[in-house]
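Peer 1: how does the following fold in three dimensions:
(one chain, ligands or ions: 1)
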Amino acid sequence: MTSPTALQAARRRTFAIISHPDAGKTTLTENILLAGGAIRAAGAVRARGENRRTRSDWMKIERERGISVSASVMTFDHDGKMFNLLDTPGHEDFSEDTYRTLTAADAAIMVLDAAKGIEPQTLKLFEVCRLRDIPIITFINKMDREAQDPIELLDEIASKLALDPAPLYWPAGSGGRFKGMLDLREGAFIPYAKRTGGAADDEGHPEPVAFDGNSISQFLEDAEKAELEEQAELVGGGYPSFDLQSFLEGHMTPVFFGSALRHFGVKQLLAGIGAYAPAPKTMKAEKGGEPAEVEPGDKEVSGFVFKVQANMDPNHRDRIAMLRLTSGKFTRGMKLKAQNTGRQMSVNAPIMFFASDRELAEEAYAGDVIGIPNHGVLRVGDSLSESGLLRFAGLPNFAPEILRRVRVKDPLKAKHLKKALEGLAEEGVTQLFRPMIGSDFIVGAVGQLQFEVMADRLANEYQLEVIFENSPYAEARWLVGDRADVEDFVSKHKSAMGQDIDEAPVFLGKSAWEIGYVAEKYPKVRFERTKERA
Ligand code: GDP
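Peer 2: Reported below is the predicted structural model:
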């Protein structure tokens, strides 16, 4: 018999949205929440963001630049399913944060701008999803604007992503001539009503009508209907029909069309997520050093921290560790133990991120994300469970693209700087490397903006004024291999060796060329661009 815990897990849909900036992720997020009944008015997501921002100093940067830096989660119960929408920062400088958030997602919605198709950031994020075997649902957005030929868009998905597109709907026109879309499986036509007024009054669109019924003539001219019919036939012959298994295995993507801004096609997308996106899966783990499998319905509560968020309230120096649950029925007040440190904590004030507001979580299941307030005890990658024996691997660190030496203007504060940099590295804001020789602090980031956020936070939270200088190093690689081989390599390259925040050995190269050269000379040691967090 299926346990109540397993049933609860089975109705969870935990997903993230990936897109290139400006494709419409924020607008779609808001409209998914609207369609799911989680918020009542458009503009709420942005407004919520604004409130949070005014409360927090470092987010001034976000406001000035109009980007969203922090990732969070929005939970809502709709149509018998519990949806957890993981929010990811849009700006590419924060892609590292996005990568980590994707490790907590069971599915991803790929939003494409119908006029632009697949853009560079879409591709990058897609690759992470593929690496993690996350199935992808495609939403082609902005159909209310002049779009590319949908066939071309699908062919681009097939050729650039090596993914079979399976359109579930087919649009009738685009831009000023956008009339709606045909449900390719049900044969219903979903009309699009263009409104000229503000966003508030255009939430409703006419009800679907039968494509071959009489009422279709209200929405499509004869010629338009004939064209759509012909296209649907072409599409039926040219693309495979949707196959759930193939989608779950990452070979196929169901394709939806719509306009997030005009609240069109979002209901269908949400229904598709509910119907096809996978429930939480069995997770591979280690238990007391032995390989183990963790089932969502298992009795033991477990999860892993995929993000640490600081500063939701700048008056408190506390942090919120985002724990993605992987099994069991979590109840408030429960004791969980961290596998790496063996520290046990009573989770008395867990936070669940209901779309409307933060609330205390009374219970949660696999797939859910709870926020655990703590004072820096929990770190990204930590595994928590009741026994403290379970360990989940697979949260990656990525080799930084930019390395800088950081100095504090007041030399008396050097000690203070160390603590602050370690704190920010533990949160994953930037990475920290300590060269074996000398007393430099080298910080690494994927994008320039991370340094700005860092400088801002060091000034506001730690009263430290810092200077970033060019670093003698350009590339960092984690060393992997037999212990003796790694130690031998380290002893011969002390001047180019450093340690990361976990004291793992890192080779700091002056150029990619140098790394290639050294790697060739030491075939027993691997020079890794990513590190799976222990
Ligand atoms: P993000 O950067 O991906 O989060 O994109 P936003 O949601 O902020 O949208 C970027 C811009 O595109 C904004 O000006 C939106 O109003 C606009 N936009 C988003 N979705 C649509 C859509 O369906 N149709 C039209 N015409 N504009 C849209």
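Peer 1: surely Tyr239 meets Leu153?
Peer 2: No: between Tyr239 and Leu153 there is no contact under CB atoms under 8 Å: 11.9 Å. Where C-beta positions appear, they are placed from N, C-alpha and C, glycine not excepted.
Peer 1: more neighbours, these two?
Peer 2: Taking other CB atoms under 10 Å, Tyr239 and Leu153 do not tie; Leu153 has more neighbours (24 against 19).
Peer 1: quick check: the more buried one vs Ala193, distance?
Peer 2: 24 Å (CB to CB, to the nearest Å).
Peer 1: go through the lengthiest helix in the chain and flag the buried ones.
Peer 2: For the chain, the longest helix by residue count, based on DSSP state H, is helix 222-238. Neighbour-count burial for helix 222-238 flags Lys225, Leu228, Gln231, Ala232, Val235 (criterion: 16 or more other CB atoms under 10 Å).
Peer 1: what's the pLDDT at the third one?
Peer 2: Note for Gln231: predicted pLDDT of 95.
Peer 1: which stretches in the stretch 151-300 of the chain count as helices?
Peer 2: 222-238, 244-248, 266-276 (DSSP state H, counting those that start in this stretch).
Peer 1: ditto for the stretch 351-500 of the chain
Peer 2: Taking DSSP H, counting those that start in this stretch to define them, one finds helices in the stretch 351-500 of the chain at 414-427, 448-462, 483-492.
Peer 1: now mean neighbour count too, for those, in JSON lines please.
Peer 2: Below are those laid out as JSON lines (neighbours: other CB atoms under 10 Å):
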{"stretch": "helix 414-427", "mean neighbour count": "18"}
{"stretch": "helix 448-462", "mean neighbour count": "19"}
{"stretch": "helix 483-492", "mean neighbour count": "14"}
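Peer 1: for the ones you listed, which one sits closest to the ligand?
Peer 2: Of all those, it is helix 448-462 that lies closest to the ligand, at 14.8 Å by CB to the nearest ligand atom.
Peer 1: where does the chain have low pLDDT?
Peer 2: 1, 39-71, 89-96, 195-203, 310-318, 353-361, 394-397, 532-534 (pLDDT under 70).
Peer 1: how is it divided into domains?
Peer 2: Domain assignment of the chain by the TED database yields the ranges 16-70+87-276, 283-392, 396-532.
Peer 1: among the ones you listed, which is nearest the ligand?
Peer 2: domain 16-70+87-276 (3.2 Å).
Peer 1: need the distance between the two termini of the closest one.
Peer 2: 14 Å (CA to CA, to the nearest Å).
Peer 1: is it up against the ligand anywhere?
Peer 2: Yes: under the criterion of CB under 6 Å from any ligand atom, the ligand is reached by domain 16-70+87-276 at 19, 21-27, 90, 141-142, 144-145, 259-262.
Peer 1: for ChimeraX, what selects the buried ones among these?
Peer 2: Buried members of the residues of domain 16-70+87-276 next to the ligand, defined by 16+ other CB under 10 Å, are picked up in ChimeraX with:
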select :19,23,24,25,26,27,90,141,142,144,259,260,261,262
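Peer 1: next step: the residues of domain 16-70+87-276 next to the ligand restricted to helices.
Peer 2: Using DSSP H, the residues of domain 16-70+87-276 next to the ligand in helices are Lys25, Thr26, Thr27.
Peer 1: adding distance to Leu7, write the helices of the stretch 151-300 of the chain out as CSV.
Peer 2: Below are the helices of the stretch 151-300 of the chain laid out as CSV (distance: least, CB to CB, whole Å):
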stretch, distance to Leu7
helix 222-238, 37
helix 244-248, 20
helix 266-276, 15
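Peer 1: of those helices, which is nearest Ala105?
Peer 2: When the helices of the stretch 151-300 of the chain are compared by CB to CB, helix 266-276 sits nearest Ala105, at 11.5 Å.
Peer 1: chain neighbours aside, what residue packs nearest to Val377?
Peer 2: Sequence neighbours aside, Arg343 is the residue nearest to Val377 in space, at 6.4 Å (criterion: CB to CB, 6 or more residues apart in numbering).
Peer 1: the residue sitting furthest away from the middle of the chain and Lys225, how far apart?
Peer 2: Most distant residue from the mean C-alpha position of the chain: Asn214, 44.9 Å away (CA atoms, centre = their mean). Distance of Asn214 to Lys225, computed by CB to CB: 12 Å.
Peer 1: now swap in Thr122 and tell me
Peer 2: 33 Å.
Peer 1: out of the domains of the chain, which comes closest to His78?
Peer 2: With CB to CB as the criterion, His78 lies closest to domain 16-70+87-276 of these, at 4.0 Å.
Peer 1: may I see the buried residues of stretch 498-512?
Peer 2: Gly498, Asp500, Ile501, Ala504, Pro505, Val506, Phe507, Leu508, Gly509.
Peer 1: and it, how far apart are its ends?
Peer 2: OK, stretch 498-512 end separation, CA to CA: 17 Å.
Peer 1: what do you get for stretch 304-320?
Peer 2: Start-to-end, stretch 304-320 (CA to CA) is 13 Å.
Peer 1: doesn't Ile501 lie inside a helix?
Peer 2: No: with DSSP: H, G, I helix; E, B strand; the rest coil as the criterion, Ile501 is located in coil rather than a helix.
Peer 1: shouldn't it be in contact with Val429?
Peer 2: No: assessed by CB under 8 Å, Ile501 is found out of contact with Val429, at 11.6 Å.
Peer 1: which of the residues of domain 16-70+87-276 next to the ligand fall in strands?
Peer 2: Among those, the ones falling in strands (DSSP state E) are Ser19, Asn141.
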